[in-house]
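J.: Dropping a prediction and its sequence here:
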Number of protein chains: 2
Amino acid sequence: MSDECIFCKIVKGEIPSYKLYEDDDVISFLDIGPANKGHALVVSKLHYELLTEMPSELLQKMIIVVQKIAAAVMKATKADGFNVLNNNKKAAGQLVAHVHFHVVPRFSDDGLKLVWPNKEYKEKEIEEYMDKIKSVL
Amino acid sequence: MSDECIFCKIVKGEIPSYKLYEDDDVISFLDIGPANKGHALVVSKLHYELLTEMPSELLQKMIIVVQKIAAAVMKATKADGFNVLNNNKKAAGQLVAHVHFHVVPRFSDDGLKLVWPNKEYKEKEIEEYMDKIKSVL
């Protein structure tokens, strides 16, 4: 737990939330500044900053809650699709330094942009990236 | 398997890929049109369109590969952060109808936008959404 962390405060019940689900390890509640209405967050109760820092077992518990919440959000909002998004570090748009998944219902006409322009690898560069990543895997 | 699915063809080796990782259930390879260089995909070998359609055990295997790939991509690219993104249905930006996670290395100055304007709930509306989602959970 971190004294300053807003998600830790929600976990402890010190800050109210629009709670959707809770078990021993994971909690889910509505994002109060949603990308679309019905936008939910799935949060581990224990405080870790990054996905890569979590114990695998806890991450596996989280993703099953993500799956359940996504199905319920789809049904409840009659959405046309959904995104699951997890941001790690400020450079990636992480606003709360406590690992969480966004579950965002999407509608064909919602105007949200989640499309990045493609970059291009130079000749042989993609092989170099492949080799570099494999070497530290 | 779907005859038309490009990821099924990669799984079967009918289309080449810049493969990073493979086990009995999951494969990972570089996105050839990356948001940033080092952008990887994590794909289940069995064909399911949506995250919500997959057996939970397979999803749990996938997310552990996501975790490993993310750590390796971070190390190899010396990125400042990373996003994990899973799009479901065209309305959500899903381009290949075969469930997959994007692992995108991010850099403080990369100029990618993944920020959505917040919508606002009207009075009592957030409680209504909470109740609706909980009722189908």
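T.: Yep, it's here. Numbering: from 1, shown residues only, chains lettered A, B, ... in the order given.
J.: what's near enough to touch whatever residue is furthest in space from the centre of chain A?
T.: Going by CA atoms, centre = their mean, the residue of chain A most distant from its centre is A:Glu123, 34.1 Å out. By CB atoms under 8 Å, 6 or more residues apart in numbering or on different chains, the contact list for A:Glu123 is empty. The way it works is simple: take the backbone N, C-alpha and C, and place the C-beta from them, glycine included.
J.: for the residue most central in space within chain A, what are its contacts?
T.: For chain A, the residue nearest the mean C-alpha position is A:Phe101 (1.7 Å; CA atoms, centre = their mean). Listed by CB under 8 Å, 6+ apart, the contact partners of A:Phe101 are A:41-42, A:62-63, A:66, A:84-86.
J.: Any chance you could list what contacts the helix or strand of chain A at the bottom of the mean pLDDT ranking?
T.: Ranked by mean pLDDT, DSSP states H and E, the weakest helix or strand in chain A is helix A:125-135, scoring a mean of 94. Here helix A:125-135 makes contact (CB under 8 Å, 6+ apart) with A:121, B:18-21, B:30, B:32, B:37-38, B:40, B:69, B:72-73, B:76-77.
J.: I'd like the distance from it to the chain centre, please.
T.: 27 Å (CA atoms, centre = their mean, to the nearest Å).
J.: Counting neighbours, show which residues of that helix come out buried.
T.: Buried residues in helix A:125-135, defined by neighbour count with 16 or more other CB atoms under 10 Å in any protein chain shown: A:126, A:129-130, A:132-133.
J.: swap in stretch A:6-13?
T.: Applying 16+ other CB under 10 Å to stretch A:6-13 flags A:7-11 as buried.
J.: Stretch A:35-55 now?
T.: Neighbour-count burial for stretch A:35-55 [16+ other CB under 10 Å]: A:35-45, A:47, A:49-52, A:54.
J.: just stretch A:19-38 next, same as before
T.: A:20-21, A:26-31, A:34-38.
J.: next one: stretch A:64-83
T.: A:64-74, A:76-77, A:79-83.
J.: Among these, which ones are in helices?
T.: Of the buried residues of stretch A:64-83, the ones assigned to helices by DSSP state H are A:64-74, A:76-77.
J.: Good, we can wrap up now.
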